[in-house]
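In: Pasting a predicted model and its sequence here:
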Amino acid sequence: MLMLESRGARVQLAASAADALRLVDELNPDLLLADLGMPGEDGLALLRKIRDRESARGTERLPAIAVTAYASPGDRDHALAAGYDWHLPKPVDPDELVRAIAKVRKPNAV
């Protein structure tokens, strides 16, 4: 979080998938970084809900990066199939995260 904030990002943390979904609705963020292994509902289900809402509402697609300890090729495939744009295994290299964000973010995002 501090690494992103030091580069000018405004970061909002969510304690659960439900909290993240609420924040996405309220804040209309430029990017979603989500762990796949969350308590209760996982990051795959979270992003499927976000993608379903985008489709139903006709809203712009939220760029999303999975940041996760689930690092096998199959885990990557599941994340991308759920709608993530990028899959970063933990531990995440800060420079790699910045490059991934640059590749997936909205064109007008800061």
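Out: Structure's in. What do you need?

In: With only the CA atoms kept, save the one helix or strand Asp95 maps to in CSV.
Out: With elements taken from DSSP states H and E, the one containing Asp95 is helix 94-104. The C-alpha atoms that make up helix 94-104 are tabulated as CSV, following Å, rounded to 0.1, in the frame of the first residue of the first chain:
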residue,chain,number,x,y,z
PRO,A,94,7.1,-3.6,-6.5
ASP,A,95,8.5,-2.8,-9.9
GLU,A,96,6.5,-5.7,-11.5
LEU,A,97,3.3,-4.5,-9.8
VAL,A,98,3.9,-1.0,-11.2
ARG,A,99,4.4,-2.4,-14.7
ALA,A,100,1.3,-4.5,-14.4
ILE,A,101,-0.8,-1.5,-13.3
ALA,A,102,0.6,0.5,-16.2
LYS,A,103,-0.5,-2.2,-18.6
VAL,A,104,-4.1,-2.7,-17.4
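
In: How about the helix or strand of the chain with the lowest mean pLDDT, which residues are buried there?
Out: Lowest on mean pLDDT, DSSP states H and E among the helices and strands of the chain sits helix 2-6, with a mean of 86. Across helix 2-6, burial judged by 16 or more other Cβ atoms under 10 Å covers Leu4. No exception for glycine: its C-beta is placed from N, CA and C like everyone else's.
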